[in-house]
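Novice: After the sequence you'll find the predicted model.
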Amino acid sequence: MTPADQIHFVRQLTDSITDETSSDILAGKIPETWDGLELRQLLAHRFARAVFKFTRSRKAAYHNTVLINNL
C-alpha cells in the first residue's frame with residue numbers, strides 16, 4: 001500500500017466510526033451523562049470490532065514493527 005493509500009484507508013475507517021458515533025449521539029442513543037471515559041471506551045470497542053484476525057506470522061511481524069518503530 002502506498003502512503004497515499006494508507007492515509008486514505010485510515011481516514012475512511014476513522015470517518016466511518018466518527019459518523020456512526022455522531023449519529024448515535026444525535027439520535028439520543030448515547031446518555032448525556034457519558035463523558036470522555038465512556039466515549040473513549042465506546043470508540044475503542046468500535047475500532048476493535050473493525051479488526052480482522054492476523055495469521056500467527058503476520059501478528060508477530062506486526063508486534064515487532066510496533067515495538068521497533070515505537071508506534
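Specialist: Perfect, thanks for sending it.

Novice: From now on I want contacts and neighbour counts done on CA atoms only, so please keep to that.
Specialist: OK.

Novice: Which secondary structure state is assigned to the residue at minimal distance from the centre of the chain?
Specialist: Centroid-nearest residue in the chain: residue 47, 3.2 Å away (criterion: CA atoms, centre = their mean). The local conformation at residue 47, judged by DSSP: H, G, I helix; E, B strand; the rest coil, is helix.

Novice: Show the model's pLDDT score for it.
Specialist: Residue 47 is assigned 95 on the pLDDT scale.

Novice: got it, and residue 1?
Specialist: pLDDT, residue 1: 95.

Novice: what does residue 31 give?
Specialist: Listed pLDDT for residue 31 reads 96.

Novice: quick one: the residue nearest to the centre of the chain and residue 17 touch, right?
Specialist: Yes. Using CA atoms under 8 Å, residue 47 makes contact with residue 17 at a distance of 7.4 Å.

Novice: returning to that earlier point: residue 68 versus the residue nearest to the centre of the chain, what's the distance?
Specialist: Residue 47 is 23 Å from residue 68, where distance means CA to CA, to the nearest Å.

Novice: What is the helix of greatest length in the chain packed up against?
Specialist: Identified as the longest helix of the chain according to DSSP state H is helix 3-26. When contacts are defined as 3 or more CA pairs under 8 Å, 6 or more residues apart in numbering; DSSP states H and E, helix 3-26 sits against helix 36-49.

Novice: Buried residues of the helix it packs on, list them for me.
Specialist: Buried residues in helix 36-49, counting neighbours by 16 or more other CA atoms under 10 Å, are absent.

Novice: who's in contact with that helix?
Specialist: The contact list for helix 36-49 (CA atoms under 8 Å, 6 or more residues apart in numbering) reads 17, 21.
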